[in-house]
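Chemist: After the sequence you'll find the predicted model.
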Amino acid sequence: MSTVPLIVKILASSVSVANRAGKIVRDVMSKGELGIVEKGKDDYQTEADRSAQKCIIASLSSQYPKLKIIGEEEESPENEGDIPSDWIVVEEDKDVLGVKCPVNLQAVKEEDIVVWVDPLDGTSEYTQGFLEHVTVLIGISVNEKPVAGVIHQPYYKTLVGGEKKMGRTIWGLQGAGVGGYTPAPPPDSLIITTTRSHSNPVVEQALQVMNASHVLRVGGAGYKVLQLLEGRASVYVFASPGCKKWDTCAPEAILSAAGGKLTDIIGNFYKYGASVSHPNKTGVLAAVNDELHSYALSRIPQELKDTLANK
């Protein structure tokens, strides 16, 4: 009988699955046939989105059949007949399996868990060649709260024993900490990270009131939160309803495990239960610690918060 708590096992499986999904993302790009479909205005889907999601959902479902999994690409087939066998990952990451699970998560059952999957966060960046912005996101929530998550960067380059290795996987479990990267303190001056491609006057107003020394405009919620975790930015500000739950579940879980905070622009936490609506209608405000989050929240004018709340 396994003594590893279920939530730790699912996180360990998610790390291994995210690695495989990242390889699929790279393989589609290297073949050069992206299979782009326009889902809506400035909303694209590629063969990499579709295939990576099939890999993630089929792999997790095969091991944890009672999990509720919500993926961005809704067309994902229920049957697994057309999924190559090497896309079904059953390994569990050994490092994660060794993590000490906090007491409050030790008895969690499969049916209590919702997994939010963004198989390719930063699709427009992927199609335009900004490959370092691309991430694979797997977020794990219990009782509507994100408690664990994985951010995989398919195009992150590292040197291992003199050889170039592609991809890295960052993970977090609330109450147990984070892994896969070296945490860094926030920069000395206030640096904001925000959207690269979805700006509007309200988004810009929220940035201006921050009095930041610099604004980084990058793609993907996963990549923006990585800017915070690695000390390149202080606060992530996005005063727009453009994000969805699968964009923020994994990043919020990891950021929280690292001592940070992610809410909407008004300061409320999002809920990640099975029946919640998918859009994050009141934007995103995140920081690597409570102090920076409180500062950023205090800078945003009430009328701007009201504008978003009433959209």
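Modeler: Yep, that arrived.
Chemist: which regions of the stretch 101-250 of the chain sit below the pLDDT cut-off?
Modeler: Low-confidence segments of the stretch 101-250 of the chain, defined by pLDDT under 70, span residues 198.
Chemist: Quick one: the strands in it, in order.
Modeler: Ranges of strands within the stretch 101-250 of the chain are 113-121, 135-142, 145-160, 163-173, 177-179, 191-195, 214-218, 235-238, based on DSSP state E, counting those that start in this stretch.
Chemist: Can you tell me which of those is nearest to residue 283?
Modeler: strand 235-238 (5.3 Å; C-beta to C-beta). For the C-beta atoms, the positions are set from N, CA and C on the backbone; glycine is no exception.
Chemist: neighbouring contacts of that closest one?
Modeler: Residues from elsewhere that reach strand 235-238 (C-beta atoms under 8 Å, 6 or more residues apart in numbering): 190-195, 198, 203, 206-207, 210, 212, 224-225, 227-228, 262, 265, 283-287, 292-293, 295-296.
Chemist: As a check, name the ranges of all helices in the stretch 201-311 of the chain.
Modeler: With DSSP state H, counting those that start in this stretch as the criterion, the stretch 201-311 of the chain has helices at 201-208, 221-229, 245-257, 290-299, 302-309.
Chemist: and the angle from the third one to strand 163-173?
Modeler: Looking back up the chat, that one is helix 245-257. Angle of helix 245-257 versus strand 163-173, following axes from the mean of the first three to the mean of the last three C-alpha atoms, to 10 degrees, is 80 degrees.
Chemist: Use 38 as the first number from now on
Modeler: Okay, residue one is now 38; in that scheme the one you just asked about reads as helix 282-294.
Chemist: from the contacts of strand 272-275, which would you call buried?
Modeler: Neighbour-count burial (16 or more other C-beta atoms under 10 Å) is assigned, among those, to 227-232, 235, 240, 243-244, 247, 249, 261-262, 264-265, 299, 302, 320-324, 329-330, 333.
Chemist: Nearest to residue 139, out of the helices of the stretch 238-348 of the chain?
Modeler: Taking the helices of the stretch 238-348 of the chain one by one with C-beta to C-beta, helix 282-294 is closest: 10.1 Å.
Chemist: angle of the closest one against strand 150-158?
Modeler: 110 degrees.
Chemist: before we move on, the earlier item: okay, the strands of the stretch 138-287 of the chain in TSV with distance to residue 89 next?
Modeler: What follows is those, written out as TSV (distance: least, C-beta to C-beta, whole Å):
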stretch	distance to residue 89
strand 150-158	4
strand 172-179	6
strand 182-197	9
strand 200-210	13
strand 214-216	22
strand 228-232	22
strand 251-255	20
strand 272-275	24
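Chemist: Let me know which of these is tucked in deepest.
Modeler: Stretch with highest mean neighbour count among these: strand 172-179 (a mean of 29; mean count of other C-beta atoms under 10 Å).
Chemist: quick one, what contacts residue 179?
Modeler: Here residue 179 is in contact with 44, 142, 145, 149, 150 (criterion: C-beta under 8 Å, 6+ apart).
Chemist: do residue 178 as well
Modeler: 150, 151, 152, 153, 184, 286, 290, 309, 310.
Chemist: Of those residues, which pair is most distant in space?
Modeler: 290 and 310 (14.6 Å).
Chemist: Of the two, which one has the most company?
Modeler: residue 290 (31 against 13; other C-beta atoms under 10 Å).
Chemist: ok, now how distant is that one from residue 214?
Modeler: 12 Å (C-beta to C-beta, to the nearest Å).
Chemist: what distance separates the start and the end of stretch 162-180?
Modeler: Start to finish, the residues bounding stretch 162-180 are 33 Å apart (C-alpha to C-alpha, to the nearest Å).
Chemist: How about stretch 67-84?
Modeler: 12 Å.
Chemist: so residue 95 makes contact with residue 124?
Modeler: Yes: if you go by C-beta atoms under 8 Å, residue 95 and residue 124 touch, sitting 6.4 Å apart.
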